[in-house]
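> my questions concern the predicted model and sequence given below.
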Amino acid sequence: MPEYTARCYCGESELTIQGPPETVAYCHCSDCRRWTGAPVAAFAAFSADALIKQMPPDYAPKGPVRRWTCATCGSPLGAAFDYLPDQIYVPLGIIDQADCLTPVLHSHHAERLPWLHLADDLPRSDGTARANLKASKS
Ligand SMILES: [Zn+2]
Ligand SMILES: [Zn+2]
């Protein structure tokens, strides 16, 4: 069972994550862009059980979405979505082994920035891709 480690910008927040991830995906939605500050976000989804205990106690729920950030530097640490139960999505950018975590799909592709062209043949969903995200779990 692979183990992954993640660390925020300042180093105050560290995560130890049991893999393998349940899925790895790009998200082009504007919420994820604002949250990460990047033109496209990418996440690895892990089982929430062990991970949620490592998250800071406070978070800012926005509708069906919870997002955890480092209390010191504000780095994004994870997001959870009511419609994707029992999973926490960790931004690839904070995972030390991100080079081994290859995305398998694009969600919210319709919201992508028009100048962004990622040359891959991965499935592209204009919505949340929740069916695909769940289906890729097995
Ligand atoms: Zn930090
Ligand atoms: Zn998103």
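Right, received. Where do you want to start? Ligands and ions are numbered 1, 2, ... in the order given.

> residues from this structure in reach of ligand 2?
Along the chain, the residues adjacent to ligand 2 under the rule CB under 5 Å from the ion are 27, 29, 32. Placement of C-beta: from N, CA and C, glycine included.

> got the residue ranges for the helices in the protein?
Counting by DSSP state H, one finds helices in the chain at the ranges 30-36, 48-52, 130-135.

> what's the least confident stretch among these?
The stretch with the lowest mean pLDDT among the helices of the chain is helix 130-135, which comes in at a mean of 67.

> quick check: closest non-adjacent residue to Leu77.
For Leu77, ignoring the flanking residues on the chain, the nearest one in space by CB to CB, 6 or more residues apart in numbering is Trp68 at 4.5 Å.

> quick revisit: now the buried members of the residues of the chain next to ligand 2.
Buried residues within the residues of the chain next to ligand 2, defined by neighbour count using 16 or more other CB atoms under 10 Å: 27, 29, 32.

> what is the nearest of the residues you listed to ligand 1?
Proximity of those to ligand 1 was ranked by CB to the ion; the top entry is Cys32 with 19.0 Å.

> thank you, goodbye.
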